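Peer 1: the following block contains a protein sequence and its predicted model.
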Amino acid sequence: MSVETQANHRARLEKVREKLAELKLQALIVFSRANIRYLTGFTGSAGVLIVGREGWAWLITDGRYKLQSKEQTKGTGVKIAVTRLTGKVIANTLKRTGVRHVGFEGRNCSVAFFESLRDELKGTRVKLESVAGVVEELRAVKDENELSLIRQAAQLADAAFEHALKVLRVGMTEKELAWEIEAFLRTHGADAIAFPPIIVSGERTALPHGQPSDRKLQKGDLVTMDLGATVSGYCSDLTRTIVIGKPNSEQQRLYRAVWEAQQRGIEAVMANQKGKKVDSIVREVLDKHGLKKLLMHGIGHGVGLEIHEMPSLGQRSKDVLKPNMVVTVEPGVYVPNFGGVRIEDMVLVTNGEPEVLTRSPNSEKILSV
Ligand code: ZN
Ligand code: ZN
């Protein structure tokens, strides 16, 4: 780990401590793996991090991660305890540190674990309070190092889409095309796929998150490909809908409307913009084309260590965009028994014009192969 990364982790832990002071909490129990990775560098699958307001932090993990946890958190000031991950162990750590008012990530903790922790703390003065979003809010704004990894992941997604266009053949199944994309990502620098590629064709493109099936690609099909890579933990997310052969007029009409909605959405991605407003702008365009009812999801989300993270661009969003946030803009329309179209790009919020990070071909004419 570089000295710079260690400094980043220390600075992030300090920001959590500032937040704890605002919330009048003395410690925060972090369960989310992405949050633990973000704060300490630890990538193991089992761990609980307790961040104390007074400058200390404990990472509790099990024997499998004894060496890895020490190695990955070197220089961050985080102390490691290798033991069993039980409510009792967490309770004892809290008791030893003398904290009383403790926040925990309720959304990332099972009811069983919470109950065991609560039972172990019975009769003590430690009070638990469920809190949400403390670390996620920090994660939403990326630093230069994170942005460089996200850019690499975005480039890989573009390259995988280009590869998919080259290998796509009539008669190939959705599953085979999905595997081509997955194999390409894994052999061209991704540490993993960000999520199993969503490849749907023909009428199945009406399923926003359909799983690749044994359906064979046919002439005249719409094909939607939604894919992403992870590079050093950071994700990318790209969607294109194409047509095999010549598009019919309805396919082109739907595509043109979604494309226009996406362009207006991308233009609206700017600092101080409300997430809800971007969603509304996109919906208005689809409404103009009589398609608003066919959009069945929010039109975008943050991307980083997780494929879906803060901020969200949807009607229920309370998030406000800030420079160095990375969001997707991904309107889609889905017509039962006909098919659907989705176009998704990743966009960086700046102090001026939005910067589109994914660069796959995107014009008002549906791409045909
Ligand atoms: Zn996607
Ligand atoms: Zn997405």
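Peer 2: Received, thanks. Ligands and ions are numbered 1, 2, ... in the order given.

Peer 1: checking the residue of the chain positioned farthest from its centre next. Helix, strand or coil?
Peer 2: For the chain, the largest distance from the centre (C-alpha atoms, centre = their mean) belongs to residue 123, which lies 40.0 Å off. Classification of residue 123 using DSSP: H, G, I helix; E, B strand; the rest coil returns coil.

Peer 1: which residue ranges of the stretch 251-369 of the chain form strands?
Peer 2: With strands called from DSSP state E, counting those that start in this stretch, the stretch 251-369 of the chain shows them at 300-302, 309-313, 326-329, 332-335, 339-342, 345-348, 355-356, 367-368.

Peer 1: and those strands: which comes nearest residue 30?
Peer 2: Residue 30 sits nearest to strand 309-313 of all those, at 14.9 Å, using C-beta to C-beta. For every residue, glycine as well, the C-beta is placed using N, CA and C.

Peer 1: in its sheet, which strands sit next to the closest one, and in what direction?
Peer 2: strand 300-302 (antiparallel) (DSSP bridges).

Peer 1: alpha carbons of the helix or strand hosting residue 130, as CSV, please.
Peer 2: Take DSSP states H and E as the rule and residue 130 turns out to sit in strand 127-131. Taking Å, rounded to 0.1, in the frame of the first residue of the first chain, the C-alpha atoms of strand 127-131 are listed here in CSV:
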residue,chain,number,x,y,z
LYS,A,127,-26.4,2.6,24.4
LEU,A,128,-26.8,1.6,20.8
GLU,A,129,-28.3,3.7,18.1
SER,A,130,-28.9,2.7,14.5
VAL,A,131,-27.4,5.2,12.1
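
Peer 1: residues in contact with the helix or strand following it: which ones?
Peer 2: Per DSSP H and E, the first helix or strand lying C-terminal to strand 127-131 is helix 134-140. Contact partners of helix 134-140, identified using C-beta atoms under 8 Å, 6 or more residues apart in numbering, comprise 12, 15-16, 19-20, 23, 28, 30, 32, 34-35, 38-39, 103, 105, 302, 304-305, 309-311, 319, 322, 325.

Peer 1: buried ones in whichever helix or strand comes after helix 134-140?
Peer 2: Heading C-terminal from helix 134-140, the first helix or strand you meet, by DSSP H and E, is helix 144-167. Neighbour-count burial for helix 144-167, counted by 16 or more other C-beta atoms under 10 Å, picks out 146-147, 149-161, 163-164.

Peer 1: of the strands of the stretch 251-369 of the chain, flag the one that's most buried.
Peer 2: strand 326-329 (a mean of 28; mean count of other C-beta atoms under 10 Å).

Peer 1: near ligand 1 at all, that one?
Peer 2: No - using C-beta under 5 Å from the ion, strand 326-329 stays clear of ligand 1, coming no nearer than 6.5 Å.

Peer 1: so how far is that strand from its chain's centroid?
Peer 2: Computed by C-alpha atoms, centre = their mean, to the nearest Å, the chain-centroid distance of strand 326-329 equals 10 Å.

Peer 1: list the contacts of the residue sitting nearest the centre point of the chain.
Peer 2: The chain has residue 307 as the residue nearest its centroid, 2.1 Å off, counting by C-alpha atoms, centre = their mean. For residue 307, the contact set (C-beta under 8 Å, 6+ apart) comprises 194, 195, 228, 235, 237.
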